[in-house]
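Engineer: based on what follows, work out the 3D shape:
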Amino acid sequence: MKNVKDFDRPFLIKLLEDMLLIRRFEEKSAQMYGLQKIGGFCHLYIGQEAVAVGSIAALDLKKDYVLTAYRDHGHALACGMSSRSAMAELYGKIDGCSRGKGGSMHLFDVANHMYGGNGIVGGHIPVATGVAFKIRYNEEEGVVLCYFGDGAIHQGAFHESLNLAKIWNLPIIYICENNQYGMGTDFRRVSSVHDLSIMGQSYGIPGKMVNGMDVLSVFEATAEAVRQAREQQLPSLLEFQTYRYKGHSMSDPAKYRTRDELDSYRQQDPILILKQAMFDAELLTEDDYEQMDQASRKAADDAADFAENSPEPALETLYEDILA
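Structural biologist: The predicted model follows:
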């Protein structure tokens, strides 16, 4: 863990609050899915909170952009999407961020520069590269964070995008959230290299492997990559080593891993790591933490109540927001 005393207390509090909100929101989502309030696919972010929170904390979302894959609830909340809007989308209601048309995998928030949530594995990587091209073409100051899992890194779209990003010197940071499994397969069984951060070297793009369970390490690595993208128009690849505590999706019992493995990663819980470090540095009390946790639980409960009472989309909305 980085030394918490190197950071301002309000900044650390915000990181902890954001991770707690994501954790409680996801737990409530799992509960509501079990009650059949949420349908379709639903991929939870429990265990990976430090990646979205730490990296997005390095951005200025007035000019920077975030694009991610289908495990997107955490990124949306970290970007500032309201928990009500996110939960209503999971319910397929009209007050959802995508007006009930996207569901869990397609959260979208133009105001906060969160451009999805995308359901096709690796399919959003060229889209994110295109957003970075827009920034470069218009001579803007922004950068793009493009998140994907270890299962997407062997897609051709990934390699084509990195090649173009280097040719055009695009301000984009490709972020591989390596949670160790592509669906139910250990990534080491399907990847000829086990250090995925080196995969940008073929295209002249620097890479770095980072502890994705340490929110401060995530923040510092991303902040440096963002600086390079802004000042040098230099794309980069970050591999954050993380872990999901739940199955690939709500329909996955995750029987392909052992109880011992899961327990060992639970000892590295990103929320508890930051909490303990702040305790040790006398920057947080147990009462402080309890108040934050209760506020997060209340926000999650409120989001579910809001989604429950939100109207279903009217039939005529079926023909809105389409090209043909």
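
Engineer: could you use CA atoms for every contact and neighbour count after this?
Structural biologist: Noted.

Engineer: do I have it right that residue 157 meets residue 122?
Structural biologist: Yes - here residue 157 reaches residue 122: they are 6.4 Å apart, a contact under CA atoms under 8 Å.

Engineer: more neighbours: these two, which one.
Structural biologist: A count of neighbours by other CA atoms under 10 Å puts residue 122 above the other of residue 157 and residue 122, at 23 against 18.

Engineer: helix or strand with the lowest mean pLDDT in this structure?
Structural biologist: The weakest-scoring helix or strand in the chain, judged by mean pLDDT, DSSP states H and E, is strand 185-186 (a mean of 80).

Engineer: which residues touch that strand?
Structural biologist: 180, 256 (CA atoms under 8 Å, 6 or more residues apart in numbering).

Engineer: pull up the pairing partners for that strand, direction included.
Structural biologist: When pairs are called by DSSP bridges, strand 185-186 turns out to pair with strand 181-182 (antiparallel).

Engineer: buried residues in the longest helix anywhere in the chain?
Structural biologist: For the chain, the longest helix by residue count, based on DSSP state H, is helix 9-34. Using 16 or more other CA atoms under 10 Å as the test for burial, helix 9-34 gives 12-13, 15-30, 32-33.

Engineer: read off the pLDDT value for residue 69.
Structural biologist: The per-residue pLDDT reported for residue 69 equals 97.

Engineer: that one: what's it in contact with?
Structural biologist: 105, 116-122, 124, 147-149.

Engineer: closest to residue 306 among these?
Structural biologist: The shortest approach to residue 306 among these belongs to residue 105, at 19.8 Å (CA to CA).

Engineer: need phi/psi at that closest one.
Structural biologist: Backbone geometry at residue 105, expressed as degrees, to the nearest 10, gives phi -90, psi -10.

Engineer: any idea how far it lies from residue 39?
Structural biologist: Between residue 105 and residue 39 the distance is 11 Å, computed by CA to CA, to the nearest Å.

Engineer: give me the more crowded residue out of these two.
Structural biologist: Taking other CA under 10 Å, residue 105 and residue 39 do not tie; residue 105 has more neighbours (23 against 15).

Engineer: is that one in contact with residue 70, as I believe?
Structural biologist: Yes - using CA under 8 Å, residue 105 is in contact with residue 70, at 4.3 Å.

Engineer: the stretch 1-150 of the chain: helices as residue ranges?
Structural biologist: 9-34, 49-56, 73-79, 83-90, 125-137 (DSSP state H, counting those that start in this stretch).

Engineer: ok so, going back, ok, and the most crowded of the contacts of residue 69?
Structural biologist: Neighbour counts for the contacts of residue 69 (other CA under 10 Å) peak at residue 147, which has 28 neighbours.

Engineer: that older thread, let me know the closest of the contacts of residue 69 to residue 258.
Structural biologist: Nearest member of the contacts of residue 69 to residue 258, counting by CA to CA, is residue 149, at 21.1 Å.

Engineer: return the residues in contact with that closest one.
Structural biologist: By CA under 8 Å, 6+ apart, residue 149 lies in contact with 69, 176-179, 182.

Engineer: so residue 238 sits in a helix?
Structural biologist: No - looking at residue 238 with DSSP: H, G, I helix; E, B strand; the rest coil, it is strand, so not inside a helix.

Engineer: and it, how many neighbours?
Structural biologist: Neighbours of residue 238 under the rule other CA under 10 Å: 24.

Engineer: hmm, it is touching residue 174, no?
Structural biologist: Yes - shown here, residue 238 and residue 174 form a contact pair, counting by CA under 8 Å, at 6.2 Å.

Engineer: how long is stretch 55-66 end to end?
Structural biologist: 10 Å.

Engineer: what's the answer for stretch 69-80, then?
Structural biologist: Span of stretch 69-80 from end to end, CA to CA: 17 Å.
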